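Trainee: Need a 3D model of the following:
(2 chains)
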Amino acid sequence: MYIMRSKRVAWVTVNTLTPLFWMVFAGSQDFKMRFHSFGRIIRWSLGPQLCRSIPSCQGSMEEAIECANDMEKNGLSPDVVTFNILAKGFHLLGLMSGAWNIIKKMLLKGLHPDQVTYTILICGHCQAGDVDEGLKLREEMLSLNLPLNCISYTVLLSSLCKSGRVVEALNLLYEMEATGVRADIVTYSILIHGLCKQGEVQKAIMVYRDMISKRIFPNSFTQTSILLGMCQRRTIKEARMYFDALTTSNLTDCVVWYNIMIDQYAKCGKIGEAVDLYKQIITKGITPSTVTFNSLIYGFCKQRKLDEARWWLDAMKLYGVIPSAITYTILMNAFCEERNMQSMLALFHEMETKAVVPTHVTYTVIIKGLCRQWKLQEAVQILNDMYAKGLRPDQVTYNTIIQSFCKARNLENAFQLHTEMLARDLVPTPVTYNLLINGLCVYGELTDADSLLVSLQDRNVKLTKVAYTTIIKAHCAKGDVQRAIFYFDQMMEKRFEISIKDYSAVINRLCKRSLLTEVKFFFLMMLYDGIYPDHQICEAMLNAFHERGDLQSHFQLLGEMIKLGLLID
DNA sequence: TTAGGGTTAG
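Mentor: The predicted structure follows:
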């Protein structure tokens, strides 16, 4: 009971390494109570410091472990809960090897990991981005006859949703139902959110109805997911209607709903509406968050009103809201877009003086700025500095520099960076390959672009339509229509949605080379595909037919244009 | 006593 009075007492106890503690508990008959108090001390010794930097956290982990060791010295054996608390501590620090060591100790003591232990480990794998390892642990649990509970399922489900694997997440929900594990509001909220984010709004509604039928009622998290879904798949007006209904029918308003709405307005250029909502937040006495200001700043940056954007950064400070790395990065990117490197770097230094730690996105913006000034070696230097600072550049970081090396006709360095990505276990994105293919098409050998595309296809590397349209355009421009048709067929076989833009790109290039038979071939293919020509594409063809003296085709097309209403007078 | 959820930047 003494321990429970205040945190301060617990800290005194831990820091003086327990003599006081044992004086308090000496002679206590309530063994369980003493044991639980140790758990609290361990949690307290982890808690306040976990929020700080890693080195001080490690210190507190040592203290927690020392406390657990102290238990043993005093004749109390740590149990599964004690070990779980320690494992969780390591997990929070991202030190999963430490968590595994704790589990090993636990096993050596003849204790068996329980559902919580497994959940912590699953969480560790999932947060490291390895859901499949988490799913393997699920198999292990099942093989050990250790059924997963709602929380363990929810951790897996959350991670699957974050990786975009919503179908598998849905299947897990069905598995829960089949095994008699009742999903709760957290499970449903995560799933509805995941489905909405993937644009699967219909499925999200289905899950929502299922939830209501089980008499689980939405809370602010669920409502946030639905609002997001509305923003993604419906018009902003419909989202606003839902938002208005939320804010008028709920007793307590949630700042996240306002943030989502403000962000939507900021993104579509309706900054006035965004500011109006901000005023509503203040009038209602809701505390705006960093995200509120970030979205407003983004909105002003998008309108290229950088003075006003900067004013909002200062306004944050007046309200006691702390700017984050995202706040600074938004502004830095806006200055980068304006080619104002000086202001961009001034903001970066301001960040440093205010102890706001830059992220990999912040550095990517700096790299983008350097690339725009063709300071490519300096950009590579920043990339290396990132690793030295313990930051992991991502695909966008690499793509930014690769694009610039391609534009600078330095394909060797561009491919070197691609190799470096692979060496660092960073899976290149379809954009990486689009950039490299485009680089080879425009500044290198087209045959090399062909070889790259074929090798990617052979290795089943995920590609987007752009890879195909890029190579098709290049073959059209260089007159190898057979090859262009070959890739066009492939693009259709892969069921990419082909638009008039794609046909126009091909037909325009063929017109420029006066390859009229091929022009007619693609034009017919477009009509067969159910795509109506526009005025621009017809104009290009008319000119080409006229220039080559193919008057029959010229007048035939004119006739078609009149029928389609594309020719006025 | 220990495990799970929402909004923003390149």
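
Trainee: residues contacting the nearest residue to residue A:240 once chain neighbours are set aside?
Mentor: Among residues not flanking residue A:240 along the chain, residue A:261 sits closest, at 6.8 Å (C-beta to C-beta, 6 or more residues apart in numbering). For glycine as for every other residue, the C-beta is placed from the backbone atoms N, C-alpha and C. Shown in contact with residue A:261 (C-beta atoms under 8 Å, 6 or more residues apart in numbering): A:227, A:239, A:240, A:243, A:277.

Trainee: Mind listing what's buried along the helix or strand containing the first one?
Mentor: Assessed by DSSP states H and E, residue A:227 sits inside helix A:220-233. Going by neighbour count (16 or more other C-beta atoms under 10 Å), the buried part of helix A:220-233 is A:221, A:222, A:223, A:224, A:225, A:226, A:227, A:228, A:229, A:230, A:231.

Trainee: my read: the last one touches residue A:237, true?
Mentor: No - proximity of residue A:231 to residue A:237 does not meet the contact threshold set by C-beta atoms under 8 Å, at 11.0 Å.

Trainee: quick one: whichever helix or strand residue A:349 is part of near DNA strand B?
Mentor: Assigning secondary structure by DSSP H and E places residue A:349 in helix A:341-353. No - Helix A:341-353 lies out of reach of DNA strand B by C-beta under 7 Å from any atom of the strand, never closer than 10.5 Å.

Trainee: in chain A, which segments are predicted with low confidence?
Mentor: A:1-61, A:64-65, A:67-68, A:71-72, A:568-569 (pLDDT under 70).

Trainee: before we move on, which element is the residue nearest to residue A:503 when sequence neighbours are not counted in?
Mentor: What sits nearest to residue A:503 in space, not counting adjacent residues and going by C-beta to C-beta, 6+ apart, is residue A:526, at 4.3 Å. If you go by DSSP H and E, residue A:526 is part of helix A:516-528.

Trainee: want to throw the buried residues of helix A:220-233 into CSV with distance to DNA strand B?
Mentor: What follows is the buried residues of helix A:220-233, written out as CSV (distance: C-beta to the nearest atom of the strand, whole Å):
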residue, distance to DNA strand B
A:221, 3
A:222, 6
A:223, 6
A:224, 4
A:225, 7
A:226, 11
A:227, 9
A:228, 6
A:229, 11
A:230, 13
A:231, 9
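
Trainee: between these, which is closest to residue A:363?
Mentor: Of all the buried residues of helix A:220-233, residue A:228 has the smallest distance to residue A:363: 28.5 Å, by C-beta to C-beta.

Trainee: So the closest one sits against residue A:195, correct?
Mentor: No - at 10.4 Å, residue A:228 does not count as touching residue A:195 under the criterion of C-beta under 8 Å.

Trainee: list the contacts for the residue nearest to residue A:503?
Mentor: Residue A:526 sits next to A:500, A:503, A:507, A:533 when contact means C-beta under 8 Å, 6+ apart.

Trainee: helix, strand or coil for the last one?
Mentor: Going back to what we said before, that points to residue A:533. Secondary structure, DSSP: H, G, I helix; E, B strand; the rest coil: residue A:533 is coil.

Trainee: Just give me the neighbour total for it.
Mentor: When counting by other C-beta atoms under 10 Å, one arrives at 21 neighbours for residue A:533.

Trainee: same question, the first one
Mentor: The local packing of residue A:500 (other C-beta under 10 Å) involves 16 other residues.

Trainee: Would you mind naming what in the stretch 151-300 of chain A lies close to DNA strand B?
Mentor: Residues of the stretch 151-300 of chain A lying close to DNA strand B by C-beta under 7 Å from any atom of the strand are A:151-152, A:154-155, A:158, A:183-187, A:189-190, A:193, A:197, A:219-225, A:228, A:254-257, A:259-260, A:263, A:267, A:289-292, A:294-295, A:298.

Trainee: What subset of these is buried?
Mentor: Using 16+ other C-beta under 10 Å, the buried members of these are A:151-152, A:154-155, A:158, A:183, A:186-187, A:189-190, A:193, A:197, A:221-225, A:228, A:254-257, A:259-260, A:263, A:289, A:291-292, A:294-295, A:298.

Trainee: Of all the residues in the strand or helix carrying residue A:278, which ones are buried?
Mentor: Using DSSP H and E, residue A:278 sits in helix A:271-283. Within helix A:271-283, the residues scored as buried using 16+ other C-beta under 10 Å are A:271, A:273, A:274, A:275, A:277, A:278, A:281.

Trainee: before we move on, the earlier item: just the residues of the stretch 151-300 of chain A next to DNA strand B: which are in helices?
Mentor: Judged by DSSP state H, these include A:151-152, A:154-155, A:158, A:185-187, A:189-190, A:193, A:197, A:220-225, A:228, A:255-257, A:259-260, A:263, A:267, A:290-292, A:294-295, A:298 as members of helices.

Trainee: now residue A:431: how far from residue A:561?
Mentor: To residue A:561, residue A:431 is 38 Å away according to C-beta to C-beta, to the nearest Å.

Trainee: Give the burial count for residue A:392, as a bare number.
Mentor: 11.

Trainee: pretty sure it contacts residue A:360?
Mentor: Yes - if you go by C-beta under 8 Å, residue A:392 and residue A:360 touch, sitting 6.2 Å apart.

Trainee: and for the two, which residues touch both?
Mentor: Common contacts of residue A:392 and residue A:360, defined by C-beta under 8 Å, 6+ apart, comprise residue A:386.

Trainee: rewinding a little: with respect to residue A:476, which of the buried residues of helix A:271-283 is nearest?
Mentor: residue A:271 (42.0 Å).

Trainee: For the closest one, list the residues it contacts.
Mentor: By C-beta under 8 Å, 6+ apart, the residues touching residue A:271 are A:265, A:296, A:299, A:300, A:302, A:303, A:305.

Trainee: number of nearby residues for the third one?
Mentor: Burial of residue A:299 is recorded as 28 neighbouring residues (other C-beta under 10 Å).

Trainee: ok, it to DNA strand B distance?
Mentor: Distance, residue A:299 to DNA strand B, by C-beta to the nearest atom of the strand, to the nearest Å: 10 Å.

Trainee: just to revisit the earlier point, name the residues of the helix or strand following the helix holding residue A:227 that are buried.
Mentor: Next in sequence after helix A:220-233, counting helices and strands by DSSP H and E, comes helix A:236-249. Neighbour counts over helix A:236-249 (16+ other C-beta under 10 Å) mark A:236, A:239, A:240, A:242, A:243, A:246, A:247 as buried.

Trainee: Fine by me, we can end here.
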